[in-house]
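Q: just a sequence and a predicted model for now, questions to come.
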Amino acid sequence: VSVDRREFLRRTAEAAALLAAGIPAPGCRRDGGPAAAGDVAWTKGVCRFCGTGCGVLVGTRKGRVVALQGDPQNPVNKGLLCVKGYHAPLALYGADRLTTPQVRNGGRLVDSTWDEALDLVARKLTEAFQAGGPDALAIYGSGQWTIPEGYAALKWWKAGWGSNQIEANARLCMSSAVTGFLTTFGSDEPSGCYDDLDLADTFVLWGSNMAEMHPVLYSRIVDRKARQRFVKIVDVSVRRTRTTEQADLFVPIVPQGDLALANGIAHCLVRDGKVDREFVAKHVVFKKGRTGIGYGLEDRFAFEDAPQSITFDEYQAFLAAYAPERASALSGVPGEQIEELARLYGDRERKVVSLWTMGVNQHTRGTWMNNLIYNLHLLTGKFGRPGQTALSLTGQPSACGTVREVGTVANRLPADMVVTNPEHVAKTAEIWGVPREKIPTKPGWDAVEMFRAVDRGEIKAIWIQTTNPVQSLPNAPRYRKACLRDDTFVVVSDVYPTETTAVADVVLPAAMWVEREGMYGNTERRTQHWVKMVDPPGQAKPDLWQLVEVAKRTGHGSLFDYPEVVAGKMSLEQALYEEYRRFTVGTGKDVASYVDLRAARGLRWPVVDGRETRRRYVEGEDPYVPKGAGIQFYKNKKDGGRAVVWARPYEPPPEVPDADYPFWLCTGRVLEHWHTGTMTRRIPELHRAVPRAFVEIHPEDARELGISDGNPVRIESRRGSVVVPASVNGRSIPRRGLVFVPFFDESMLVNDVTLDAYCPISREPDYKKCAVRIKKVRA
Amino acid sequence: VSRVAVAAVMALVAAGAACGSGRDATGRERGPYRRVHREYDGAPPVVPHAVASLQRQDCLSCHRDGMDLGDAGLAPTAPHAERVLCLQCHVEQVTAAAWVTNGFAGARWPPAGARAYRGAPPTLPHPRQGRESCPGCHGDKGGSPIRTPHPDRVNCLQCHVEALPQARLYRGNDFGGLR
């Protein structure tokens, strides 16, 4: 075939012009592949930090990530990111990336080969299995696992080993949200979506510092407020933060007081006749559960709720205990603010969105608090209508997509199924092609109990991927010691040295973010896909590859044997995703097809016939709601397709300040750092912005204790202590009697101080409340 | 083919020449403005000074209109003044040391856009990334070495267009523009 000279010149000129211009692409090809632009190729991806799920365009050149843009075509963030997102590419290039497998030898980690390390892991898992059965070996992952990674781990553990000892760090951040959804709606994950942020006029933030933790969504709310003067932001919090700066109403609250506040608002709504009687009559039932339910502080803690139906009158009688005076006394919120909040929730003209994350979820009554917020929306009928919803914000990029939807936890199977339901087990066994007896029906340990079992010596081998529990578990010293037991074998897959790799017997260098193909699912049910864009450094390999290579060595390779993959027709990621999707189709949790996902800027499930769903349970939006139903909670079959308003009382936290330990300790994050800081501290701009942890103290408390800004302060609880510099009049100001410490800094481990109490229903620990004393120390 | 390559190189040289150097009207050094305080072109610059008040995000009191700060020159004008949560993207650096060194090498866009012929309006050499106000950087009080010679014209995108690379040329064009 001859190419005409003129045509040849023209083509060359086109290429040269593009090269000369070097213009970056504001978009990329619809199939998700790279669009060449000059010498930088742009490919759609997802930010790998928080649960917002911002779309990004990743710029690569010569096998390296060299730039990033917010994706203007992604409806989540419309081109905007936060400082972590913009600097995400640097997370790949820290000088101490793990690039070689390491095996502990004579007390020290020494370089090894993949074969040696994988053989050792396979042998130790097999030995643990032979010695203690399926409950003696565990896998602990995270909401930063991609969907195929989490799915592979789930399938291997439950169908291969026949073990339910699989958990993820999402237990530490989102399980109260899950049990909140399950108990109120019968199905995990929200009805509403981010579109509602552009349509609401009243935003009530329950213990959520969105300006730092979900900054792109907070910008969306602030944009909304800038356009509509009547928009109100209410900030319910124990601290004044950057979020408070934009708020119209700051509601100061004492720790645990949220239970009383929510019931106090409900009391006023019922008292003032603000209940939407028609909505309640059609869509709601009332229930109560057990009270005095404990705090999970004892090993092998067990709890089962006993729901009982009640009438509206009984619910009203329950609320009698929460008149504003008493609710105010319990919550610390002035009575007039409780009335004001009731007016906002009760005003028919106002479109209210409630938002929350860790303040509500990391709570010894976290499930109850989730229930109580839904109560306010269900009582007033402010639900399922544009701009009217209760939106539980997620912490991690795929806490929803992987841990919650795939079900990589002790009692779950994909798509809202559980191991204790024989029908669910049967369906799972059929899709996996294994005998149903293979899948164990007794739930495994939840995250905290899993590490307690390690400490007790019951779990002989544990594989930890994509997370850093020795820094992030509450009351961490116990679990650090547990991992160091001679008779416990600990495998850690990670990208940098961490507090957890420090106690590992084998460290496997992992690929991260765009170094492998993946899918994440965000807060608003949006599943997003990205292709592999660059190679991982050195010998680092994807977590999925690591799992499958060891599974082959333990005789479970057939679980991952897909003819299409062997024939080179699809990636293993695609094969696993397609198989996982079979669990979801027809259930109301239908995830998008792989092909649709590659093309789209994410799609919100249920995706039926390629169409996404903005609002679940709403006729005309959700294809599972029959015509004429209006709203139907069709997943909650046991209550006739209705949602549940729960009578959940105020109960005190397990540890409260006293004469010996007079301060509350609350822990959390800052804008610049992600979780335990292992990635963000290696990004110079982020480290230089917040180089170390600090303890925020109210200026009056600091004055009384003779503490000035920057002074080293010892924070001591009944469990441990940490020395941290004081921050007085800094970024945030806590209420009097409460101090706040972020947990990202591995040189100042605040989880040596926190309490491992948890919500008995969700088994999520409370990182926000324990009692400490504080004292200035010499530098 | 070689003629085309030479032309491409010439275009780059010409673009570079347009960059300018020396000091701007406020005495501030002109240079690769986009590179200052950024990891890659398009990253939000860090804040190169102490943030006096972390309690209120009042950055825009200086950066909304390029306030004259005397010897310190002009405060760069925010090219997206509708955004008010400045510290979401722009962070102060309270220490100079990195925790661990980082091998990231960021991309840099060409210093200036291409022109079809001498006198033709140049295209944008960088993506806009939500920066709606071109005069923020390219106006009288902007920090970019490229200043508009016609600040009275405000509809910049009327003449200066984004060159979208995914829009492949519809047909070739043999126009030999005056250089």
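A: Noted; the coordinates are in hand. Numbering: from 1, shown residues only, chains lettered A, B, ... in the order given.

Q: how about the residues of the stretch 601-750 of chain A by chain B?
A: Within the stretch 601-750 of chain A, the positions near chain B by C-beta under 8 Å from any C-beta of the partner chain are A:671-672, A:681-691, A:729-731. No exception for glycine: its C-beta is placed from N, CA and C like everyone else's.

Q: would you list every one of the helices in chain B?
A: Secondary structure of chain B, counting by DSSP state H: helices at B:2-17, B:60-63, B:135-138.

Q: coming back round to it: which pair in the residues of the stretch 601-750 of chain A next to chain B spans the largest distance?
A: Maximum pairwise distance in these, criterion C-beta to C-beta, is 29.6 Å, between A:Arg682 and A:Asn729.

Q: give me the below-cutoff pLDDT ranges for chain A.
A: Low-confidence segments of chain A, defined by pLDDT under 70: A:1-38, A:779.

Q: again with chain B
A: Low-confidence segments of chain B (pLDDT under 70): B:1-35, B:52-57, B:164-170.

Q: if we use 90, what do you get?
A: B:1-39, B:41-42, B:47-78, B:80-84, B:94-98, B:107-120, B:123-133, B:135-137, B:139-147, B:149-179 (pLDDT under 90).

Q: would you map the strands across it?
A: With DSSP state E as the definition, chain B shows no strands.

Q: is A:Gln102 bridged to anything, and to what?
A: Beta-bridge partners for A:Gln102, by DSSP bridges, are A:Asp111, A:Val507.

Q: number of nearby residues for it?
A: Neighbour count of A:Gln102, defined by other C-beta atoms under 10 Å in any protein chain shown: 21.

Q: might one say that it is in contact with A:Arg108?
A: No: contact criterion C-beta atoms under 8 Å: A:Gln102 and A:Arg108 do not qualify, at 9.2 Å.

Q: give the contact list for A:Asp196.
A: A:353, A:386-389, A:391 (C-beta atoms under 8 Å, 6 or more residues apart in numbering or on different chains).

Q: coming back round to it: between A:Arg682 and A:Asn729, tell me which one has more neighbours.
A: Neighbours of A:Arg682 and A:Asn729, each counted by other C-beta under 10 Å, are more numerous for A:Arg682; the result is 25 against 15.

Q: give me the element A:Pro440 is part of.
A: Using DSSP states H and E, A:Pro440 is not contained in any helix or strand.

Q: for it, what are phi and psi?
A: Main-chain dihedrals, A:Pro440, degrees, to the nearest 10: phi -70, psi 140.

Q: surely it touches A:Ala159?
A: No: in this structure, A:Pro440 is not within contact of A:Ala159 by C-beta under 8 Å, at 10.0 Å.

Q: what number of residues lie near A:Ala95?
A: Other residues lying near A:Ala95 total 11 when counted by other C-beta under 10 Å.

Q: excluding sequence neighbours, find me the nearest residue to A:Asn411.
A: Distance criterion C-beta to C-beta, 6 or more residues apart in numbering or on different chains; nearest residue to A:Asn411, sequence neighbours excluded, is A:Pro443 at 3.6 Å.

Q: what about that neighbour, distance to chain B?
A: Taking C-beta to the nearest C-beta, to the nearest Å as the measure, A:Pro443 falls 40 Å from chain B.

Q: again, but for A:Lys274
A: Distance of A:Lys274 to chain B, given as C-beta to the nearest C-beta: 33 Å.

Q: can you pull the contacts of that residue?
A: By C-beta under 8 Å, 6+ apart, A:Lys274 lies in contact with A:268, A:342, A:345-346, A:379-380.

Q: can you pull the phi/psi pair for it?
A: Per-residue torsions, A:Lys274: phi -90, psi 0 (degrees, to the nearest 10).

Q: same check, this time on A:Val406
A: With angles defined as degrees, to the nearest 10, A:Val406 sits at phi -70, psi -30.

Q: does any bit of stretch A:535-555 sit next to chain B?
A: No: with C-beta under 8 Å from any C-beta as the criterion, chain B is not reached by stretch A:535-555; the gap is at least 9.2 Å.

Q: give the buried residues for that stretch.
A: A:536-537, A:540-554 (16 or more other C-beta atoms under 10 Å in any protein chain shown).

Q: likewise for stretch A:434-443?
A: Buried, per 16+ other C-beta under 10 Å, within stretch A:434-443: A:434, A:439-440.

Q: before we move on, back to that, most neighbours, which of the contacts of A:Asp196?
A: Counting neighbours by other C-beta under 10 Å, A:Thr389 leads these with 26 neighbours.

Q: quick one, longest helix in chain A?
A: Taking DSSP H as the criterion, chain A has its longest helix at helix A:114-132.

Q: show the subsequent helix or strand relative to that helix.
A: For helix A:114-132, the following helix or strand on the C-terminal side (DSSP H and E) is strand A:137-141.

Q: tell me the angle of the helix or strand that that following strand is followed by relative to strand A:137-141?
A: Once the chain leaves strand A:137-141, the next helix or strand it forms, by DSSP H and E, is helix A:147-155. Per axes from the mean of the first three to the mean of the last three C-alpha atoms, to 10 degrees, the angle that helix A:147-155 makes with strand A:137-141 is 160 degrees.

Q: quick check, distance from helix A:147-155 to the centre of its chain.
A: 17 Å (C-alpha atoms, centre = their mean, to the nearest Å).

Q: check stretch A:564-571 too.
A: Counting by C-alpha atoms, centre = their mean, stretch A:564-571 comes out at 32 Å from the chain centroid.

Q: quote the end-to-end distance of it.
A: 8 Å (C-alpha to C-alpha, to the nearest Å).

Q: in that stretch, which residues are buried?
A: Under 16+ other C-beta under 10 Å, the buried positions of stretch A:564-571 are A:565, A:570-571.

Q: what ranges does the stretch 301-450 of chain A have for its helices?
A: A:312-319, A:324-331, A:335-346, A:358-361, A:366-380, A:422-432, A:447-455 (DSSP state H, counting those that start in this stretch).

Q: which of these sits closest to A:Gly141?
A: Nearest of those to A:Gly141, taken as C-beta to C-beta: helix A:447-455 at 10.4 Å.

Q: same for the closest one, what does it pack against?
A: Applying 3 or more C-beta pairs under 8 Å, 6 or more residues apart in numbering or on different chains; DSSP states H and E, we find helix A:447-455 packed against strand A:137-141, strand A:166-168, helix A:476-483.

Q: now do it against helix A:476-483, angle only.
A: Put simply, helix A:447-455 runs at 50 degrees to helix A:476-483, going by the same axes, to 10 degrees.

Q: before we move on, back to that, most tightly surrounded among the helices and strands packed on helix A:447-455?
A: Sort the helices and strands packed on helix A:447-455 by mean neighbour count, taking mean count of other C-beta atoms under 10 Å in any protein chain shown, and strand A:166-168 sits at the top with a mean of 30.

Q: that one pairs with which strands?
A: Strand A:166-168 has these strand partners (DSSP bridges): strand A:137-141 (parallel).

Q: with only the CA atoms kept, save the strand it pairs with in CSV.
A: In CSV, the C-alpha atoms belonging to strand A:137-141 read as follows (Å, rounded to 0.1, in the frame of the first residue of the first chain):
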residue,chain,number,x,y,z
LEU,A,137,-5.9,-18.2,59.4
ALA,A,138,-7.2,-14.7,58.6
ILE,A,139,-7.0,-12.0,56.0
TYR,A,140,-7.4,-8.4,56.7
GLY,A,141,-7.8,-5.9,53.9
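
Q: and the angle from it to helix A:114-132?
A: Interaxial angle, strand A:137-141 versus helix A:114-132 (the same axes, to 10 degrees): 130 degrees.

Q: name all residues that make contact with A:Gly677.
A: Contacts of A:Gly677 by C-beta under 8 Å, 6+ apart are A:744-746.

Q: those residues into JSON lines, with extra columns for secondary structure?
A: Putting the contacts of A:Gly677 into JSON lines (DSSP: H, G, I helix; E, B strand; the rest coil) gives the following:
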{"residue": "A:Phe744", "secondary structure": "coil"}
{"residue": "A:Asp745", "secondary structure": "coil"}
{"residue": "A:Glu746", "secondary structure": "coil"}
